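Undergrad: 3D model of this:
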Amino acid sequence: MQAGADIESVNNSLNSSLLLAAAIGAADTFVFLVEQGADIFLRNMSDRDALFMCAMYCLDDRAMTVIVDSIVSQGTDVDLPDSSGATALHECCAGSLQHSIEVLIAAGADINKPHDRTGLTPLQICCSLEYPCVETVRAVLNQGTFTNQKTSESLSPMDMVLENFFSRHPTLPRDRVLPSGGDQDVEQDMGMERYVEFAHQCLPSLMELAKYGGRVAGPRGMAGLRESLTDSVKSGEDQWKAKEVPKRFSELVHIEKIGEGHPNWASDKLDVCHLCSDKFTMRNRRHHCRISGVLVCGACSTKRLPCSGSVSSPDGKGRDMRSDSASSPSSSSGDMVRVSDGVYNRLCYSCECREKDIAIQIKTMKQMRETASTAQRKKEEEDENLKGSLFNWAGYSGSTKTPTGDSTPRGAVASMRAQNEETMRALQERGEKLGQLNDKAQDMNDAASEFRENTARLLKQQQNRKWYE
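TA: Alright, predicted model coming up:
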């Protein structure tokens, strides 16, 4: 740079230094180039900007977080698609890049944004892969995605996993659920290789989707699978039904109800569920999620969450829900209000993460206290040893005679003085070491206090943050 190099120079693939720094995770270099005026919006021949390059190719998790935060601070739209209609989040879902997905969502990426060309959401992209990655599916589900949103072919994410498997094996029967049996029965109907393939590659994602409220919506359901496999999926559904609100939810997560008149309150005139696209009928009634305001069906809002007792209004003033008990069916259950499945999953995961952070903080504080206590005990032991040495030396130096009554030779006196000087030097060195140890202990205590304050401040910021921000 000092020699006059062009900061915007590119190679044959139109990659600038900034794009390459983002791809390899050189966070310090990336931040320096941005400070020097490098174009953050420059795209290469594949229509990839710095955000795409970092999310798709960076292998350093910590560097990725720093680079993405720097990109977002420069005003880059995290949901800006490339020429193919895909955002960075879509590409990371297609590549099963779990950590990249988490970083992008933390930076503000829309977890339910459809692909501009295919119309698939991030979760649908994960489930459309030949072999879905269960960790990637779980990462998307934890962020509150719509678990049962259907494609243009009326396929839910669980249906997509099943259809992909049966499209690879078109000879399998799809007219019934196959009964359980031994290896010979498996070999006759499904085939052992296909049974093992499904159990290892597809079943984990299906169970994960079921544990987050996913449903099979296709007309053929799970027909064509053995009963043992369908029972495994149903066990995930049972876990979803039995799932309860975390015990410390009200303490760690602060949310407010919203009511009619709020900007996010969906109109009652909508005909389909916002999550699964099922039409509302006399049996399939419409409901409002009291946190996000979207209009959902009963099957997509089976859970309840505790909320504060006031309704957030457009002017920012709260309204007591007790006065609305006649018009609001959710208020009759106290602070427990109806929420959509996506909001429930996201907020429960947020609570679990905060519980883990608090546990880590408590463990760190305990280790620091134990370290300081060990250092204090060591200091006291060394002080006692030094005192004993000084007392022993003082007892010998108080007399010039030997134990038999003879006078002590001058050489012995000089030797005792040398020992005294050596002991004093050792005492001084130990004192300096103890002082350094005390300084380190104080630094650790200061760091612990700062960590505790930062955690409290971040927790307060998260509590004040609205779900849609």
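
Undergrad: how about the strands in the stretch 251-400 of the chain?
TA: 257-258, 286-288, 295-297, 303-306, 310-312, 318-320, 336-339 (DSSP state E, counting those that start in this stretch).

Undergrad: Just confirm residue 150 contacts residue 274, I think it does.
TA: No. Using Cβ atoms under 8 Å as the test, residue 150 is too far from residue 274 to be in contact (11.7 Å). C-beta here means a position set from N, CA and C on the backbone, and glycine is covered the same way.

Undergrad: how far away is residue 225 from residue 361?
TA: Distance of residue 225 to residue 361, given as Cβ to Cβ, to the nearest Å: 45 Å.

Undergrad: The strands of the stretch 251-400 of the chain into CSV, with extra columns for mean pLDDT, mean neighbour count and distance to residue 234?
TA: Formatted as CSV, the strands of the stretch 251-400 of the chain follow (pLDDT from 0 to 100; neighbours: other Cβ atoms under 10 Å; distance: least, Cβ to Cβ, whole Å):
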stretch, mean pLDDT, mean neighbour count, distance to residue 234
strand 257-258, 83, 26, 34
strand 286-288, 91, 21, 25
strand 295-297, 92, 25, 21
strand 303-306, 91, 18, 19
strand 310-312, 52, 20, 38
strand 318-320, 46, 13, 42
strand 336-339, 89, 23, 24
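
Undergrad: Just give me the neighbour total for residue 73.
TA: Around residue 73 there are 11 other residues, counting by other Cβ atoms under 10 Å.

Undergrad: Report the separation between residue 126 and residue 137.
TA: Taken as Cβ to Cβ, the span from residue 126 to residue 137 is 5 Å.

Undergrad: Which residues are in contact with each of the two?
TA: residue 205 (Cβ atoms under 8 Å, 6 or more residues apart in numbering).

Undergrad: Mind checking the strands of the stretch 251-400 of the chain for the one nearest to residue 433?
TA: For the strands of the stretch 251-400 of the chain, the distance to residue 433 is smallest for strand 303-306, at 54.0 Å, taking Cβ to Cβ.

Undergrad: Show residues contacting the closest one.
TA: Contacts of strand 303-306 (Cβ under 8 Å, 6+ apart): 213, 243, 245, 249-250, 255, 291, 333, 335-339, 341, 343-344, 347.

Undergrad: one step back: more neighbours, residue 225 and residue 361?
TA: residue 225 (26 against 16).

Undergrad: residues of stretch 62-78 that come out buried?
TA: 63, 64, 65, 66, 67, 68, 70, 71, 72, 76, 78 (16 or more other Cβ atoms under 10 Å).

Undergrad: Might one say that residue 300 is in contact with residue 275?
TA: Yes. The pair residue 300 / residue 275 is scored as a contact, 4.2 Å apart, by Cβ under 8 Å.

Undergrad: joint contacts of the two?
TA: Counting by Cβ under 8 Å, 6+ apart, the contacts common to residue 300 and residue 275 are 147, 148, 340, 341.

Undergrad: in the protein, what secondary structure element scores lowest on mean pLDDT?
TA: Lowest mean confidence among the helices and strands of the chain (mean pLDDT, DSSP states H and E): strand 318-320, at a mean of 46.

Undergrad: Point out the other helices and strands that the lengthiest helix in the chain packs with.
TA: If you go by DSSP state H, the chain has its longest helix at helix 341-397. Using 3 or more Cβ pairs under 8 Å, 6 or more residues apart in numbering; DSSP states H and E, the elements in contact with helix 341-397 are helix 249-252, strand 303-306, helix 410-464.

Undergrad: Make a markdown table from the ones you listed and add distance to residue 378 to it.
TA: Below are these laid out as a markdown table (distance: least, Cβ to Cβ, whole Å):
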| stretch | distance to residue 378 |
| --- | --- |
| helix 249-252 | 38 |
| strand 303-306 | 49 |
| helix 410-464 | 8 |
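
Undergrad: so which of the ones you listed gets nearest residue 157?
TA: Closest among the helices and strands packed on helix 341-397, using Cβ to Cβ: strand 303-306, at 18.4 Å.

Undergrad: Give the pairing partners of that closest one; include direction for each.
TA: strand 336-339 (antiparallel) (DSSP bridges).

Undergrad: starting at the chain centroid, how far to the partner strand?
TA: Mean C-alpha position of strand 336-339 versus that of the full chain (Cα atoms, centre = their mean, to the nearest Å) differs by 24 Å.

Undergrad: Would you point out which residue is most central in this structure?
TA: residue 102 (5.9 Å; Cα atoms, centre = their mean).

Undergrad: TSV for the strands of the stretch 251-400 of the chain, including distance to residue 369?
TA: Output for those, formatted as TSV (distance: least, Cβ to Cβ, whole Å):
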stretch	distance to residue 369
strand 257-258	41
strand 286-288	49
strand 295-297	48
strand 303-306	34
strand 310-312	40
strand 318-320	42
strand 336-339	39
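
Undergrad: Out of those strands, which gets nearest to residue 441?
TA: strand 303-306 (41.9 Å).

Undergrad: So residue 345 is in contact with residue 214, correct?
TA: No. Under the criterion of Cβ under 8 Å, residue 345 makes no contact with residue 214, lying 10.5 Å away.

Undergrad: neighbour-wise, which of these two wins?
TA: Set side by side, residue 345 and residue 214 show more neighbours around residue 214, with 28 against 23, by other Cβ under 10 Å.

Undergrad: Please state the offset of stretch 88-95 from the chain centre?
TA: On Cα atoms, centre = their mean, the centre of stretch 88-95 falls 17 Å from that of its chain.

Undergrad: residues in contact with that stretch?
TA: Residues contacting stretch 88-95 (Cβ under 8 Å, 6+ apart): 51-52, 55-56, 78-79, 81, 86, 100-101, 104-105, 109-111, 113, 115, 120, 122-123, 125-126, 129, 136, 140.

Undergrad: Just the buried residues from those, in ChimeraX please.
TA: Buried subset of the contacts of stretch 88-95, written as a ChimeraX selection, criterion 16+ other Cβ under 10 Å:
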select :51,52,55,56,78,81,86,100,101,104,105,109,111,115,120,122,123,125,126,129,136,140
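
Undergrad: Next, count neighbours for residue 117.
TA: 10.

Undergrad: how near is the closest residue to residue 289 other than its chain neighbours to residue 375?
TA: Spatially, and ignoring its direct neighbours in sequence, residue 289 is nearest to residue 340 (4.0 Å; Cβ to Cβ, 6 or more residues apart in numbering). Counting by Cβ to Cβ, the separation of residue 340 from residue 375 is 52 Å.

Undergrad: Give me the more crowded residue out of these two.
TA: Set residue 340 next to residue 375 and count neighbours by other Cβ under 10 Å: residue 340 wins out with 30 against 16.

Undergrad: residue contacts, that one?
TA: By Cβ under 8 Å, 6+ apart, the neighbours of residue 340 are 274, 275, 289, 291, 292, 294, 296, 300, 301.

Undergrad: Can you give me every residue that contacts residue 86?
TA: 94, 115, 116, 117.

Undergrad: can you tell me the helix or strand for it?
TA: Taking DSSP states H and E as the definition, residue 86 sits outside all helices and strands.

Undergrad: distance of it from residue 46?
TA: 11 Å.
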